[in-house]
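In: Below is the sequence, then the predicted model.
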Amino acid sequence: MPKCHFVIPAGGVGLRFGGPLPKQFVEVEGLPILMHTLRAIAPYAESITLVLPQDYQKYWQQLCRDRSFDLEHKVVEGGATRFLSVRNAIESLAVDPDALVGVHDAVRPLISGETIEALLTAAAASGAAIPYLPLTDSIRHLEPLVGSKSVDRTQFVAVQTPQVFHLERLRAAYRQADGGANFTDDASVYEALFDAPIELVESNPENKKITHPHDLLYLRQALNSPSNH
């Protein structure tokens, strides 16, 4: 099983979450969410690069001391946007350009080992792989001046992280991209340069992004389930 150099952008302020702290630092079951995320990916990581704003780096260091959190990782400074933060991180990787790099949301702590293994295998073979879940709700397309129109949900999937690529390809894509708002994830940056299919790997349903305060209840229940012990 190939291992991967993981990049974790953790500069979000969590406007939808609210509260005095960015959501990645909110404590659940004795640890900040970010620490749960790092623990989940660590068994599959050749290295972990955490991207933090300068203002939160000392705070993170203190959290690590207070929680005796000694999982090996390096911290690099983030940019004004997620795009710039990820670009900073992948430029800092002094590793084999043919290695795999995975970019994972700081607040997806329930990614499963099975999903990560499937992504690494697929990316090693194809150059790029991203996790998805089928849509279960009906969806509609919003049309200006008209309203909305029902569309076939089987034509769409919900995309998650970690998104895994050959490092040299993702680095080239970020260097060529202009950093505009059209890039919603790393796959969209990649597709702007490479006319090549991205392998889709079905994710585990628990791999939710912690976005709203009520998501914490789900996270607590999941962390306390027998499968996590």
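Out: Right, received. Where do you want to start? None of these values were measured; they are calculated from a predicted model.

In: Going by C-alpha atoms from here, please, whenever you check contacts or count neighbours.
Out: Fine.

In: ok, and what's touching stretch 79-89?
Out: Stretch 79-89 has contacts (CA atoms under 8 Å, 6 or more residues apart in numbering) with 7, 9, 11, 49-51, 53, 76-78, 103, 171, 174-175, 179, 183.

In: Next: stretch 149-169.
Out: Outside stretch 149-169, the residues within contact range by CA under 8 Å, 6+ apart are 90, 97-105, 108, 116, 119-120, 123-124, 127-143, 186-187, 190, 203, 207.

In: on that earlier part again, are any of the contacts of stretch 79-89 buried, and if so which?
Out: Neighbour counting by 16 or more other CA atoms under 10 Å classes 7, 9, 11, 49-51, 53, 76-78, 103, 171, 174, 183 among the contacts of stretch 79-89 as buried.

In: Now intersect these with the helices, please.
Out: Counting by DSSP state H, the buried ones among the contacts of stretch 79-89 place Arg171, Tyr174 in helices.

In: Need the buried ones among the contacts of stretch 79-89 in CSV (columns: pLDDT).
Out: Shown next, in CSV, are the buried ones among the contacts of stretch 79-89 (pLDDT from 0 to 100):
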residue, pLDDT
Val7, 98
Pro9, 96
Gly11, 81
Thr49, 98
Leu50, 98
Val51, 97
Pro53, 92
Val76, 96
Glu77, 94
Gly78, 89
Val103, 98
Arg171, 96
Tyr174, 96
Phe183, 89
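
In: right, and out of the buried ones among the contacts of stretch 79-89, which lies closest to Pro22?
Out: Gly11 (8.3 Å; CA to CA).

In: Against Leu38, how distant is that closest one?
Out: 15 Å (CA to CA, to the nearest Å).

In: any idea of the mean pLDDT in stretch 148-160?
Out: For stretch 148-160, the mean per-residue pLDDT is 95.

In: start to end distance for that stretch?
Out: Stretch 148-160 has its terminal residues 25 Å apart, counting by CA to CA.

In: do stretch 203-211 as well
Out: End-to-end for stretch 203-211, by CA to CA: 18 Å.

In: ok, and for that stretch, which residues are buried?
Out: Neighbour-count burial for stretch 203-211 [16+ other CA under 10 Å]: Ser203, Asn204, Asn207, Lys208, Lys209, Ile210, Thr211.
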